[in-house]
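> quick one, what's the 3D model for this:
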Amino acid sequence: MANSGHRLLLVETDSLLAEVTSYRLHLLGYRVEVAGTTAELWAGVDRLRPHAVLISLDIDDLDPMDLLERLASDTTTANLPLIAMSSQSDLDQVERVWKNGVSDYLVTPYDPIVLERKVARLLSDVPRTSIADETETTDEEDIESVAHETADEPLAMNA
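From the prediction side, this is the model:
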């Protein structure tokens, strides 16, 4: 699958939205780790070395703008593409988020096709990591093998 090898860190406190989003991204061939707190976010960055971060602005344990500033100033995360997700479409918040280095904004609940397109566009210039380069065996290998079998079949969701 074209997306195989990209690692995403999803920061979401709503467990249902995290599960649905993570599952959708897995189906698209991404390796996804979910963090529900800022502590889990930093641990996930260290462990996963993500290519991008999708971050809910509804995170409970820290002001989202402070978190975005920390991500932008930390040498490990400063160059990571970020997609901010929020139930708010307030233009003031969107503007503040853009000024804090976010690459894209997704209003929740989201259309799965919009999620797919935004993530694909965000990662279009980010080199993929070969699964063979990974040190551990993951379920993504199974997803990749199934994807290769059906790669020539048109997908209704991409039509």
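> for residue 87, see how far away residue 124 is.
Distance, residue 124 to residue 87, using Cβ to Cβ, to the nearest Å: 27 Å. Where C-beta positions appear, they are placed from N, C-alpha and C, glycine not excepted.
> please identify which of the two sits among more neighbours.
Neighbour count, other Cβ atoms under 10 Å: between residue 124 and residue 87, residue 87 has more, with 13 against 8.
> could I get the pLDDT score of the residue lying closest to that one once chain neighbours are set aside?
Excluding its sequence neighbours, the residue lying closest to residue 87 (Cβ to Cβ, 6 or more residues apart in numbering) is residue 108, at 5.1 Å. pLDDT recorded at residue 108 is 88.
> for residue 108, list the residues it contacts.
Contacts for residue 108 (Cβ atoms under 8 Å, 6 or more residues apart in numbering) come out as 17, 56, 85-87.
> between all of those residues, which two are separated the most?
For those, the farthest-apart pair by Cβ to Cβ is 17 and 86; their separation is 11.3 Å.
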